[in-house]
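Undergrad: make a model of this:
(one chain, ligands or ions: 1)
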Amino acid sequence: MPDLRLSSVSVAYPGLAAPVLDIPALDIPAGSRIAVTGPSGSGKSTLVNVLAGLVLPRAGRVVWDGTDIAALSEGARDRWRGANLGLVMQEFHLFPGLSALDNVLLPARLSRVADQAMTTRAGTLLDEVGLSRPDQPVETMSRGEMQRVAVARAVLRAPGIIVADEPTASLDPESGAAIAGLLLALAESSGATLIVVSHDRRLSARLDRVLSLAEGAILSDDVREGASP
Ligand SMILES: Nc1ncnc2c1ncn2[C@@H]1O[C@H](COP(=O)(O)OP(=O)(O)OP(=O)(O)O)[C@@H](O)[C@H]1O
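TA: Okay, here's the model as predicted:
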C-alpha cells in the first residue's frame with residue numbers, strides 16, 4: 001500500500017496573486033484514514049485534485065510510494081490513477097445513457113481489466129450502497145443515488161488509495177452514515193489509505209486524523225489518540 005509525501009507543494013492560478021495551496025510538507029502513511037476540513041475556498045478540493053494528479057502544482061513533489069506523480073507524463077499519470085486510486089469527486093462524472101452497473105464497470109472496461117468476478121462485485125457493491133436497481137439509467141437517478149453509484153465505481157478495483165470529495169454531501173443523514181461506514185469498511189478490509197474531504201462532523205469523527213485547511217495552508221493536523229499511524 002502506498003505512502004504519500006508532499007514537499008514544497010504550491011498551486012497557483014493565473015491572475016491570483018497568492019497561491020491557492022501552499023504545503024511545505026505533509027506525510028500520510030499507508031493505511032491512514034484522514035479527513036480534510038476547512039471553510040469554503042480553503043483549498044480542500046485543490047488538495048485532493050493534487051493528490052490525485054488531476055491538478056499539477058506549479059512547484060513541489062507529490063510522491064506516492066516513491067513515484068512523483070507530478071513528474072509523470074499525462075498517460076503514465078492516467079495509468080497510475082487507474083491502478084491505484086478510487087476517486088469520488090464532487091461532480092460524479094457518470095455517463096448518461098448507461099445503467100448504474102455499466103457506469104460502475106466502465107473504467108475497468110476501458111482499462112480492459114473487467115471480468116466476470118468484477119461484474120459480480122459491481123452488483124454486490126451497488127447492493128451495499130443501497131441501490132436495488134442496477135439496470136436503472138443514471139440520468140433517471142436522484143443526486144444522492146448518483147453519489148452512491150460514484151462510490152461503488154471508485155472502490156470496484158479495491159484501490160490502495162480512496163479519495164472522496166464530500167461523499168455524503170447529497171445524502172440524508174442516514175444514507176450518509178451508511179456510505180461513510182461502507183467507505184471505512186472497504187478501506188479497512190483492503191488496508192487502503194482513505195482521504196475524505198467533508199464538512200460532515202460525524203464522518204470526520206470516524207476517521208483517525210483531521211487536517212484543517214485555511215486559505216490554502218494547513219491550519220492544524222490532529223491525529224486522534226489511539227489511531228494507527
Ligand atoms: N481553475 C481555477 N482558477 C482560478 N481559481 C481557482 C480555480 N480552482 C479553484 N480556484 C480557487 O482556489 C481556491 C480554493 O478552491 P477549492 O475548490 O480548492 O476550495 P474548497 O476548500 O474545496 O472549497 P469548497 O468547500 O467551496 O468546495 C478558491 O479561492 C477558488 O476560487
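
Undergrad: who's in contact with the nearest residue to A12 once chain neighbours are set aside?
TA: Spatial nearest neighbour of A12, excluding adjacent residues (C-beta to C-beta, 6 or more residues apart in numbering): P19 at 4.4 Å. Yep, even glycine has a C-beta here, placed from its N, CA and C like the rest. Residues in contact with P19 (C-beta atoms under 8 Å, 6 or more residues apart in numbering) are 10-12, 58, 216.

Undergrad: could you do L51 as well?
TA: Each residue near L51 by C-beta under 8 Å, 6+ apart is listed here: 4, 6, 62, 163, 195.

Undergrad: which two in the residues you listed are spaced the farthest apart?
TA: Farthest pair in these (C-beta to C-beta) is L6 and V163. Separation: 13.6 Å.

Undergrad: the ligand versus the residue nearest to T37 when sequence neighbours are not counted, what's the distance?
TA: Closest residue to T37 apart from its sequence neighbours, by C-beta to C-beta, 6+ apart: S212 at 5.2 Å. As judged by C-beta to the nearest ligand atom, to the nearest Å, S212 and the ligand stand 11 Å apart.

Undergrad: check L6 too.
TA: 15 Å.

Undergrad: which element is that residue on?
TA: Secondary structure from DSSP states H and E places L6 in strand 4-11.

Undergrad: now what about the helix or strand that that strand is followed by, what contacts it?
TA: Of the helices and strands lying after strand 4-11 in sequence (DSSP H and E), the nearest is strand 21-28. Here strand 21-28 makes contact (C-beta under 8 Å, 6+ apart) with 3-11, 34, 43, 46-47, 50, 57, 60, 193, 195, 211, 216-218, 221.

Undergrad: in contact with the residue positioned nearest the centre of the chain: list those residues for me.
TA: Residue closest to the mean C-alpha point of the chain, counted by C-alpha atoms, centre = their mean, is V163 at 1.5 Å. Contact analysis of V163 by C-beta under 8 Å, 6+ apart lists 48, 51-52, 85-88, 195-196.

Undergrad: now list the buried members of those residues.
TA: Buried members of the contacts of V163, scored by 16 or more other C-beta atoms under 10 Å, are 48, 51-52, 85-88, 195-196.

Undergrad: and V223, how far is that from R209?
TA: Distance of V223 to R209, given as C-beta to C-beta, to the nearest Å: 5 Å.
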